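Colleague: Okay, here's the prediction I keep looking at, along with the sequence it came from:
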Amino acid sequence: MKTIKYSVRHVVPVLLALLLALGMTVTAYAADTASLDFTQTGAVELTLQDSEGNAVSGGAVTIYEVAALYLDDGNMAYAYTDAFSGCEATLDVEDTSLAATLAAYAESEGISGDTTADVGTDGTVSFTGLELGLYLIVQTTDSADYETINPFVVTVPIESDGAWVYTVDASPKVGTVTPVETEEETSAEETTEETTEETTEEETEEETEEETTTAAAGSSSSSSSGSTTLPQTGQLNWPIPILAVSGLLLFMAGWYLNRTGRKQEEHAK
């Protein structure tokens, strides 16, 4: 049996390489958060577009500073601002329901927001001079003929390709803006539905009348002939007894002839 021996000079380089790799990982993470510039202000930009990529202008959007960014033992963390200090929701930016919860809280507490900006003719809105933190974006005035965009949260700054970006493009969070159905369109849809229902009812009534007419015609024909027919065959009832008797007679005749033939054969022998 062959025994494998590891010498110290073989093991030590491997351990040193592992320790070096771990040390580089920790150093990169610390440098990443340590590079945050809390003296720098940020900005949030967004563009409102419909499903065809056309700019949606008009209306107004309000931004709320929800929480301030700080470092907790080198890790990023958020603390509620005074306006939202009573909110009990966990500040998890990955939680898809967080924005709706914050928007409902702001409305219930009458929080007016930090800045309200009108949507430009090119569909863009921009908020500048923002402290680092977590922000809530709410459309407080609808664009003409378009539905309100859903509230959403955004952090300033965001990390991209290993660097911090302080001017955040929030357009992907907005998505497309949905047109509002006019009263004429709604009325046309309702009229179409009513017409379809009436047509269906008329077709059903016509089919019922046809079935009733067909059944009545069949009943009348049967009554006038004075004969009763078997179900689904059209065969008359009266031949059945005759056929039964004929079969019995044929059986008896066959049996008699067979017996007579045997007796003749016996006499012949």
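Modeller: Alright, I've got the coordinates. The structure presented is a predicted model; accordingly, all values stated were derived computationally and were not measured. Residues are numbered from 1 along each chain as shown.

Colleague: For the stretch 51-200 of the chain, which segments are assigned as strands?
Modeller: Under the criterion DSSP state E, counting those that start in this stretch, the stretch 51-200 of the chain carries strands at the ranges 60-72, 75-80, 115-118, 124-130, 133-141, 152-156, 158-160, 163-165, 167-169.

Colleague: Gly247 is nearest to which of the ones you listed?
Modeller: Closest to Gly247 of the strands of the stretch 51-200 of the chain, according to Cβ to Cβ: strand 152-156, at 89.0 Å. All C-beta spots, glycine's among them, are computed from the backbone N, C-alpha and C.

Colleague: Can you show me the CA trace of the closest one as PDB?
Modeller: Taking Å, rounded to 0.1, in the frame of the first residue of the first chain, the C-alpha atoms of strand 152-156 are listed here in PDB:
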ATOM      1  CA  PHE A 152     -41.200  53.100  -6.300                       C
ATOM      2  CA  VAL A 153     -38.000  53.500  -4.200                       C
ATOM      3  CA  VAL A 154     -34.500  54.300  -5.300                       C
ATOM      4  CA  THR A 155     -31.200  54.500  -3.500                       C
ATOM      5  CA  VAL A 156     -28.600  57.300  -4.000                       C
END
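
Colleague: what packs against that strand?
Modeller: Under the contact criterion of 3 or more Cβ pairs under 8 Å, 6 or more residues apart in numbering; DSSP states H and E, strand 152-156 touches strand 42-47, strand 60-72, helix 98-109, strand 133-141, strand 167-169, helix 171-174.

Colleague: Parallel or antiparallel, which strands does that strand pair with?
Modeller: Within its sheet, strand 152-156 is paired with strand 133-141 (antiparallel), according to DSSP bridges.

Colleague: what comes into contact with the strand it pairs with?
Modeller: With contact meaning Cβ atoms under 8 Å, 6 or more residues apart in numbering, strand 133-141 is reached by 44, 46, 59-69, 78, 81, 91, 93, 99, 102-103, 106, 113, 116, 127, 148-149, 151-156, 170, 173.

Colleague: same thing with stretch 163-172?
Modeller: Stretch 163-172 is contacted from outside by 35-37, 40-47, 49, 137, 152, 154-159, using Cβ under 8 Å, 6+ apart.

Colleague: Turn the helices and strands packed on strand 152-156 into a markdown table, columns for mean neighbour count.
Modeller: Shown next, in a markdown table, are the helices and strands packed on strand 152-156 (neighbours: other Cβ atoms under 10 Å):
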| stretch | mean neighbour count |
| --- | --- |
| strand 42-47 | 20 |
| strand 60-72 | 19 |
| helix 98-109 | 17 |
| strand 133-141 | 20 |
| strand 167-169 | 17 |
| helix 171-174 | 15 |
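
Colleague: Which stretch among these approaches Gly123 most closely?
Modeller: Between Gly123 and the helices and strands packed on strand 152-156, the shortest gap by Cβ to Cβ is with strand 42-47, which sits at 5.1 Å.

Colleague: how much does the closest one deviate in direction from strand 124-130?
Modeller: Here the directions of strand 42-47 and strand 124-130 differ by 170 degrees (axes from the mean of the first three to the mean of the last three Cα atoms, to 10 degrees).

Colleague: Output strand 42-47 in PDB with nothing but the alpha carbons.
Modeller: The C-alpha coordinates for strand 42-47 follow below in PDB (Å, rounded to 0.1, in the frame of the first residue of the first chain):
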ATOM      1  CA  GLY A  42     -26.800  63.000  -5.800                       C
ATOM      2  CA  ALA A  43     -29.600  63.200  -8.300                       C
ATOM      3  CA  VAL A  44     -32.500  61.100  -9.600                       C
ATOM      4  CA  GLU A  45     -33.700  61.300 -13.200                       C
ATOM      5  CA  LEU A  46     -36.600  59.500 -14.900                       C
ATOM      6  CA  THR A  47     -38.400  59.500 -18.200                       C
END
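
Colleague: Thr42 contacts Thr155, doesn't it?
Modeller: Wrong residue type there; residue 42 is Gly, not Thr. No: counting by Cβ atoms under 8 Å, Gly42 does not reach Thr155; the two are 9.3 Å apart.

Colleague: So, low pLDDT: which residues of the stretch 101-250 of the chain?
Modeller: Residue ranges of the stretch 101-250 of the chain with pLDDT under 70: 182-239.
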